[in-house]
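> here is the input, now give the coordinates:
(2 chains)
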Amino acid sequence: MLDVIDKRILLEVADLHGIPLGAYNIRKNGQGESRNTTANIDIVTKMDKPGIDVTIKPGTKGESVHIPVIISVEGLTDVVYNTFEIGADSDVLIVAGCGIHNPGCEKAQHDGIHEFFVRKGARIRYVEKHYGEGEGTGDKVLNPKTIIEVEEGGVAELELVQIKGVDHTLRDTLVKLHKNARLIVSERLLTYMKQDAESNITVELVGEDSTAQIISRSVAQDESKQLFHLNMRGYTRCRGHIQCDSIIMHSAQVSSVPEITAFSSDAQLIHEAAIGKIASEQLTKLMTLGLTEKEAEDTVLQGFLK
Amino acid sequence: MLELINVSVTLDGSDGKVEVLKDISLSLEDKKIYVMTGPNGGGKTSLAKAIMGIYQPTAGRILLDGTDITNMSIDERARLGIGYAFQQPPRFKGLTVRDMLRLAAGSGNKIDECELLYDVGLCAQDYLDREMNTSLSGGEIKRIEIASILARKLKFVVFDEPEAGIDLWSFQRLTETFEKLHEKYDNTIVIISHQERILRLASQVILVENGRISEITSHEKIFGEIGRMDSECMCRRSCNREGNANVGCHR
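Presented below is the predicted three-dimensional model:
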């Protein structure tokens, strides 16, 4: 049964007001809570290690899979391996949020290893939201690892969001793009207090005319620390663009380490990175509309992380 | 009525302190349109910013309807009904045109976004969901800036070179928009401009030079001096931005 805390976490990480429609697998405190499969989407528990295999039949269109994870106890380290088989020419939405409500002073941790096989001509939109809360002092730790292989003509669209309450995070994303495959990543990150976050994204463009676009926006507040290592490697005729944009406030620290490597003279790779505080003229403009300085600041940040 | 009494403003420039406004005294009466003109760097924008509270006076006082607002912050003045349309409005990543118009109107105040954009010659369908980022041209951002002022019910408003980057068709519309705004809210409007057509709207023309008000006159009189001002006119440079020289300049 889902309690009030579980329901709030579901809302935060998966925009769900209860049990979702379509296929889903809800994992709570290291165990399966409930599951639903459909005619086109099958979910089975792995036999050799914790986790699930999600199989989407070729040609499945307009369906969604929700696989939220809830952790509401302290002292738990939950490691899970999930594998997704996205059948050829399908078009699906996968929502994989993780929320931790840590009531105590011990650490609560979830390490999710997600592996995707996006078959020929398939399209996925993958939304991953991370959220932490809890009255205790125990750290809330989320370390997701996402490995994606996109076959010919496939499209992977990733929306990675971590806005609140996660103390430590190490995010590793590895993507391999074959012929005409396309990757669009939009990452939003906010850290505050003494939180730290590290995001490593490596994209290998191995197929001709593959394209990748990564837009990473982050806000670092208080004494938090962020490290971004965005890496693109072009092996053939391909196009890649990384845009890494951070707003830094208070005594925070942000490092943005760009890396682009071309193994072919037909690879076109661009990396843009910027770190700076909120432009004072933006605050001034909003204040001339009657917003206080604090409201103006919040408005700028909200827009930036939208 | 808005009164400036012996207002001076000194700013920290790269070459040390610069006095941008020198002992300015000026009364701007209710329900009138004033046009402020004069050479670049003369202090027009500084004067507007001092009224809005963006620049704090180093000396003197500013009164709105008899209330001393000299030490009020920008947002306090905004809530009293003072508005300022920036000469070079800032861009915002992630904020849409719709967001901006709603922020301008304030929560709880209903606005017709389409009507507001129509008044500045933009099609609502094309623009409402666009982000206020660098994908908008200089002319577009200026028009949205004007629309954001129209969204507010203001007692006193300063437009800083509203014509810059605006093409001929919209220019005609712009002057009508100012007249309409004035009629609708019965407020005081100050327009910083070098444009003849805008000057014609003025009940009084204020000439600002070297950080001082050199003359308060009528637009009829100012046209006699237009030759002198022509050499320092900004509008040609601005008009060129749209790819056509002298668009909107009917001299």
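
> and the gap between residue A:220 and residue A:69?
Distance, residue A:220 to residue A:69, by C-beta to C-beta, to the nearest Å: 26 Å. From N, CA and C alone the C-beta is placed, and that goes for glycine too.

> ugh, wrong one, residue A:75
17 Å.

> what about the strands in chain B?
Taking DSSP state E as the criterion, chain B carries its strands at B:2-13, B:16-28, B:33-37, B:59-64, B:67-68, B:82-85, B:156-160, B:188-192, B:204-209, B:212-217.

> thought residue A:268 was touching residue A:232?
No: contact criterion C-beta atoms under 8 Å: residue A:268 and residue A:232 do not qualify, at 10.4 Å.

> list residues touching both of the two?
residue A:240 (C-beta atoms under 8 Å, 6 or more residues apart in numbering or on different chains).

> hang on, the earlier thing: and the strands of chain B: which comes nearest residue A:226?
Set against residue A:226 and scored by C-beta to C-beta, the strands of chain B come closest in strand B:2-13, at 32.6 Å.

> for residue A:128, give its distance to residue A:162.
The gap separating residue A:128 from residue A:162 is 9 Å, by C-beta to C-beta.

> can you give me the helices for chain A?
In chain A, the helices defined using DSSP state H lie at A:4-14, A:280-287, A:293-304.

> pull up the residues of the stretch 51-200 of chain B that are close to chain A.
Along the stretch 51-200 of chain B, the residues adjacent to chain A under the rule C-beta under 8 Å from any C-beta of the partner chain are B:52, B:54, B:73-75, B:78-79, B:83-84, B:86, B:89-90, B:92-95, B:99, B:103-104, B:106, B:148, B:152.

> of the residues you listed, which belong to helices?
Reading helices off those with DSSP H, I get B:52, B:74, B:75, B:78, B:79, B:99, B:103, B:104, B:148.

> low-confidence regions, chain B specifically.
Residues of chain B meeting the criterion pLDDT under 70: B:168-169, B:225-251.

> okay, how far is it across stretch A:133-143, tip to tip?
Start and end residues of stretch A:133-143 are separated by 16 Å (C-alpha to C-alpha, to the nearest Å).

> list the buried residues in that stretch.
A:133, A:134, A:138, A:139, A:140, A:141, A:142, A:143 (16 or more other C-beta atoms under 10 Å in any protein chain shown).

> then stretch B:174-192?
By 16+ other C-beta under 10 Å, the buried positions in stretch B:174-192 come out as B:174-175, B:177-178, B:181-182, B:185, B:187-192.

> tell me which two in those residues are the farthest apart.
Largest pairwise distance in the buried residues of stretch B:174-192, by C-beta to C-beta, is 19.4 Å, between B:185 and B:192.

> residues contacting residue A:64?
Taking C-beta under 8 Å, 6+ apart as the test, what residue A:64 contacts is A:20, A:21, A:22, A:23, A:92, A:93, A:94, A:95.

> any idea how far it lies from residue B:107?
In terms of C-beta to C-beta, residue A:64 sits 34 Å off from residue B:107.

> how about residue A:181?
Taking C-beta to C-beta, one finds residue A:181 at 45 Å from residue B:107.

> which one of the two has more residues nearby?
The residue with more neighbours, out of residue A:181 and residue B:107, is residue A:181; 30 against 7, by other C-beta atoms under 10 Å in any protein chain shown.

> residue A:20 contacts residue A:14, doesn't it?
Yes: between residue A:20 and residue A:14 there is a contact at 7.1 Å, judged by C-beta under 8 Å.
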